[in-house]
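Peer 1: just the structure for this:
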Amino acid sequence: QVQLVESGGGLVQAGGSLRLSCAASGRTFSNYAMAWFRQAPGKEREFVAAIRWSEGSIYYADSVKGRFTISRDNAKNTMSLQMNSLKPEDTAIYYCAARMGIVLTSPRNYGSWGQGTQVTVSS
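Peer 2: So this is what the prediction gives:
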């Protein structure tokens with residue numbers, strides 16, 4: 001069973017940076033897609049970024065392209081999200097998710113989720 005644990009959220013001023021991490025366990029992730037989603041109060045959960053664990057193919061939502069960077073460390077089974085130039089509209093709970101196969105951007109296609117970590121960006 002896949003287990004995902006996020007860390008690294010917090011409060012930051014607009015223009016600042018945060019780095020989120022997701023520790024993954026319970027499987028060999030070579031054929032997995034790992035993703036970050038976020039959910040703001042009153043809004044649907046939305047795709048942020050994803051990476052194919054084996055070959056490292058990367059995908060970003062348009063809203064974060066150029067500001068966020070996703071990466072993974074195969075040896076440590078961790079995935080990270082470096083968030084720069086943060087905006088108040090980035091405020092949300094950020095979730096790590098995993099699925100076997102290709103990257104998809106709908107949260108309905110992901111069966112494994114972390115508990116989430118809060119990111120708050122003040123103006």
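Peer 1: what residues does the host helix or strand of M34 touch?
Peer 2: M34 is part of strand 32-39, with elements assigned from DSSP states H and E. For strand 32-39, the surrounding residues in contact (Cβ atoms under 8 Å, 6 or more residues apart in numbering) are 20, 22, 24, 45-53, 70, 72, 79, 81, 90, 92-105, 107, 110, 116, 119. The C-beta positions use only the backbone N, C-alpha and C, and glycine is treated the same way.
Peer 1: just the strands in this protein please.
Peer 2: If DSSP state E is used as the criterion, the strands of the chain fall at 3-7, 10-13, 18-25, 32-39, 46-52, 58-60, 68-73, 78-83, 92-100, 112-113, 117-122.
Peer 1: helices or strands up against the second one?
Peer 2: Same thing as strand 10-13. With contacts defined as 3 or more Cβ pairs under 8 Å, 6 or more residues apart in numbering; DSSP states H and E, the packing partners of strand 10-13 are strand 117-122.
Peer 1: for the strand it packs on, buried residues please.
Peer 2: Residues of strand 117-122 classed as buried by neighbour count (16 or more other Cβ atoms under 10 Å): 117, 119, 121.
Peer 1: all good on my end, thank you.
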